[in-house]
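S.K.: Sequence plus predicted model, see below.
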Amino acid sequence: MNDHVTHVTHPLVQHKLTLMRQKDTSTAGFRQLLREISQLLAYEVTRGLPMTTRQIETPLQKMDAPVIDGKKLALVSILRAGNGLLDGVLELIPSARVGFVGLYRDEVTLEPVQYYFKVPTELEDRLVIAVDPMLATGNSSVAAIDLLKKAGATNIRFLCLLASPEGIARMKQAHPDVPIVTAAIDEKLNEKGYIVPGLGDAGDRMFGTK
């Protein structure tokens, strides 16, 4: 545990993650668990948002009550697996603006290739939460953060389900100003760049494509 990485050890998060790791968990079950766990992780990644007060009227009297300050935050899904985390977080923060970064990994070089980028305006005035279930080699995540910074983002957090030590190190080297929130720090990457023990390919398991 350090300032750069928050490992969410809440019992509900860990229990649901174990169910997701099991190879016999169905596509529907995986999706449902991902939505549930993303809401629990959203609670952690939004900790410390700036607050202000607004005068409201309760059934008994007027009061100055706390509300989130500043422009609506931006959720950015790193396609396609990021959409599974995005759905759950949006249920908690329905007013958030939403962006998408399309990257795929070249299976030979393991380097990310960009094919889509569409994000909200005024990123420099928003908290930007980038979501992707897996922080494996870190190459795609670093590339996505690079693009977000070029688009003006200065306050970015990265939310994932699983992280490898290699991915954390790569992100810390490239973007030391971007804190990571994750449900697990796994053992290592295998020779194909997959997280071990991991849960397989999150996109395939979520969408039933393999």
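M.R.: Perfect, I can see it now. Numbers count the residues shown, from 1 in each chain.

S.K.: remind me, longest helix of this structure?
M.R.: helix 27-45 (DSSP state H).

S.K.: Off-centre distance for the very next helix or strand once past that helix?
M.R.: Note on helix 27-45: by DSSP states H and E, the next helix or strand toward the C-terminus is strand 51-57. Centroid separation for strand 51-57 versus its chain: 29 Å, with Cα atoms, centre = their mean, to the nearest Å.

S.K.: For strand 51-57, name the packing helices and strands.
M.R.: Where contact means 3 or more Cβ pairs under 8 Å, 6 or more residues apart in numbering; DSSP states H and E, strand 51-57 is packed against strand 62-68. Any C-beta I mention is one placed from the backbone N, CA and C, and that applies to glycine too.

S.K.: what ranges do the strands span in this protein?
M.R.: 5-7, 51-57, 62-68, 74-79, 97-105, 112-118, 127-131, 134-135, 155-163, 180-185, 188-189, 195-196 (DSSP state E).

S.K.: now these in JSON lines, with distance to residue 41, mean neighbour count and mean pLDDT?
M.R.: Compiled in JSON lines, those are given as follows (distance: least, Cβ to Cβ, whole Å; neighbours: other Cβ atoms under 10 Å; pLDDT from 0 to 100):
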{"stretch": "strand 5-7", "distance to residue 41": "10", "mean neighbour count": "17", "mean pLDDT": "95"}
{"stretch": "strand 51-57", "distance to residue 41": "21", "mean neighbour count": "10", "mean pLDDT": "95"}
{"stretch": "strand 62-68", "distance to residue 41": "18", "mean neighbour count": "11", "mean pLDDT": "95"}
{"stretch": "strand 74-79", "distance to residue 41": "12", "mean neighbour count": "26", "mean pLDDT": "94"}
{"stretch": "strand 97-105", "distance to residue 41": "17", "mean neighbour count": "19", "mean pLDDT": "90"}
{"stretch": "strand 112-118", "distance to residue 41": "23", "mean neighbour count": "14", "mean pLDDT": "90"}
{"stretch": "strand 127-131", "distance to residue 41": "9", "mean neighbour count": "26", "mean pLDDT": "96"}
{"stretch": "strand 134-135", "distance to residue 41": "13", "mean neighbour count": "26", "mean pLDDT": "94"}
{"stretch": "strand 155-163", "distance to residue 41": "6", "mean neighbour count": "24", "mean pLDDT": "96"}
{"stretch": "strand 180-185", "distance to residue 41": "6", "mean neighbour count": "22", "mean pLDDT": "96"}
{"stretch": "strand 188-189", "distance to residue 41": "22", "mean neighbour count": "16", "mean pLDDT": "94"}
{"stretch": "strand 195-196", "distance to residue 41": "17", "mean neighbour count": "20", "mean pLDDT": "94"}
